[in-house]
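1. how does the following fold in three dimensions:
(2 chains)
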Amino acid sequence: MPTPHPSKPETVETATLRLASDVACALRGAGDAAFRLEQHPQGAEAAHLGAVRALGADALAPFVVGPHTLGPGDVALLTEAVRAVPAPRPLDPVTDRLWGLRDWALCRTLTALGVDPDGWDGLADIHRYGLAAPAPAPVDPVQRIEPRLADEPWPTWTAGLAQLSSLALPGLHCPQRDQARRRRLDLGRGLTHALLRRDLLRAARLARWLALDSATRPEPLLSTALAHIEVLAADQPRTLLETTLARRTADTDRYWMGAR
Amino acid sequence: MDPLDLHLPRQVGARALEWLDRCHGSLALDPAVPWYEIDEPSLGALAELALAAATVRRESVGSPETARTADRLLAFSWRQFHEGELLYELQRQTPAATYPMEIYSPLAALGYRHRALDRLLAHLSATRAAQVPEHSPGRRLAVAAAARRIGLPGHHDLAELTRRTWLGGVPEPWMLDGRGAHGVTRTVFHLTDRGADPAGLPAHLQRYLHQWLPAWLQAFTEARSWDLLGELLAVGACLEQPLFHAEAWAALAQAQQADGMLPGGATRPPSGPERAFRSHHPTITAAVAGTLALSRAIGSPRAAGVAS
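-> Numbers count the residues shown, from 1 in each chain, chains lettered A, B, ... in the order given. Take a look at the predicted model:
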């Protein structure tokens, strides 16, 4: 549900907070209006396009784990956002990896929603990584941009995983998800460490990875952690979007377990 | 723990002990002050010194020089306590207090005994009052541990007392703060007699610490809280399957000054009567933590090396 917008042009930061808040509202089923990326008062303003790009695959969450239907206008706006805020030319391995993985999540989510992102301007190295190939690709391209060690120490591993929380959507399967399924205790340590450092956003992002596959690998502290983060982060829309997604992810996981 | 990493606990512990050896004279009690006017920080600092030296002596993992230093510090403390006479006088004048007995206990365990004090403590520990002290559960665990060391009969429900401590409540691990961390260290030290009896800590608390101690060590390493970090490293060394943290040891070694003193942390200790004690405490902690880590690494083939 769109919230009132200020009269001055927004910065990308405030637009991102607003969009995060709207996505979270849509996921919680608050309001009766259909969620529309295109229906934002700012329309195709640069700040809004930047916000859509900042949330990445999470901007599509209401269509994936929520009750909303992706429309042609949403796709058009997303195409415009990717073009307006393209992935940077290859910079350094760390940045390239982040853009590559996040755009991989975006493309996979679009594909799952019946949209072919092949040929979109601004996606990170989409052809180089073969992301346009229909799933399942012979070798999942995500493997090629994930050269990191599986036994990386938990502090750096969880710090890196938190930056990739938009890959923690229920429909996506990637090496990070396999690692997160195996390393539950390390995830819990990372979450604890983040909370001790008062880094609520990082804690919430790690909670999403704990929520994923929680039906088969439950973490008893997850619901307590989510409640704790939500109370402390009452004024932080981005953190609250992550906790909302964590809750929806856990619910979805339970639903699929029941359906099996 | 990787043998190559062992040199850090060894080095930190040995240097801390050397510093204590050089500076222990500053902990001497003023002979002009009568026993009833000795302040608590002065007594506390001496007690901590005796406890650290007793731990080093008990574990006997350092060099012969380390053992000699520990003996020197023990003898110094014992002399400061007037071969137990001072502790006896304090206990006699304040029969309901437990601190003279607690200070006495590590010395008594190593054979520094005062016969009249032993008789007095045997009597006091049998009183009804001794069963109902107005103490926190953690304090009661300390008294129970002291009684065990001296060889006094215990009438404490350790399981119930443990359950009522912070650690015993197995709280959400992110709720740890400095006070909670201090409580954790005391519960573990008292139940395991500072690593002498690792099985004294219930199995479910061993598991809990194996789960969350790495996250706490990481946070306290980043916060540069050297005193608490040293204490938590000692806690890891008290577990049945000892837990080491190479990165925390490296940070502690780096924070240690060339002369062996370990500062308290990023913030300066507050001035005032506690200052003298506080400035010694991280170094005393480092001596104990280094000793226990080394001892458990050598003595326990099951030691769990935790990279970070």
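
2. now do stretch B:157-164, average pLDDT.
-> When the per-residue pLDDT values of stretch B:157-164 are averaged, the result is 95.

3. my bad, stretch A:251-260
-> 64.

4. same check on stretch B:260-276?
-> Taken as a whole, stretch B:260-276 has an average pLDDT of 58.

5. and the strands in the stretch 51-200 of chain A?
-> Shown for the stretch 51-200 of chain A, no strands are assigned by DSSP state E, counting those that start in this stretch.

6. list the contacts of B:S105.
-> Counting by C-beta atoms under 8 Å, 6 or more residues apart in numbering or on different chains, B:S105 touches B:A145, B:A146, B:A147, B:R149, B:I150. For the C-beta atoms, the positions are set from N, CA and C on the backbone; glycine is no exception.

7. pLDDT below threshold where in the chain?
-> By default, I'm working from chain A. By pLDDT under 70, the weakly predicted segments of chain A are A:1-8, A:31-32, A:39-44, A:126-150, A:254-260.

8. let me rephrase: I mean chain B.
-> Answering for chain B: the residues below the bar, that is pLDDT under 70, span B:1-4, B:265-278, B:300-308.

9. show me what contacts the one residue in the stretch 151-300 of chain B that gets nearest to chain A?
-> For the stretch 151-300 of chain B and chain A, the shortest gap (C-beta to the nearest C-beta) falls at B:W174, measuring 3.5 Å. When contacts are counted by C-beta under 8 Å, 6+ apart, B:W174 is found next to A:L191, A:T192, A:L195, A:L196, A:A203, A:A225, A:H228.

10. next one: the first one from B:P34, what distance?
-> Here the criterion is C-beta to C-beta, to the nearest Å. By it, A:L191 lies 55 Å from B:P34.

11. what residues does the stretch 51-200 of chain A have near chain B?
-> Residues of the stretch 51-200 of chain A that fall close to chain B, judged by C-beta under 8 Å from any C-beta of the partner chain: A:153-155, A:185, A:188-193, A:195-197.

12. among the residues you listed, name the buried ones.
-> For those, a neighbour count by 16 or more other C-beta atoms under 10 Å in any protein chain shown gives the buried set as A:P153, A:W154, A:P155, A:G188, A:R189, A:G190, A:L191, A:T192, A:H193, A:L195, A:L196.

13. can I get those residues in JSON lines with distance to B:H123?
-> Putting these into JSON lines (distance: C-beta to C-beta, whole Å) gives the following:
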{"residue": "A:P153", "distance to B:H123": "55"}
{"residue": "A:W154", "distance to B:H123": "53"}
{"residue": "A:P155", "distance to B:H123": "53"}
{"residue": "A:G188", "distance to B:H123": "50"}
{"residue": "A:R189", "distance to B:H123": "49"}
{"residue": "A:G190", "distance to B:H123": "54"}
{"residue": "A:L191", "distance to B:H123": "52"}
{"residue": "A:T192", "distance to B:H123": "47"}
{"residue": "A:H193", "distance to B:H123": "50"}
{"residue": "A:L195", "distance to B:H123": "50"}
{"residue": "A:L196", "distance to B:H123": "47"}
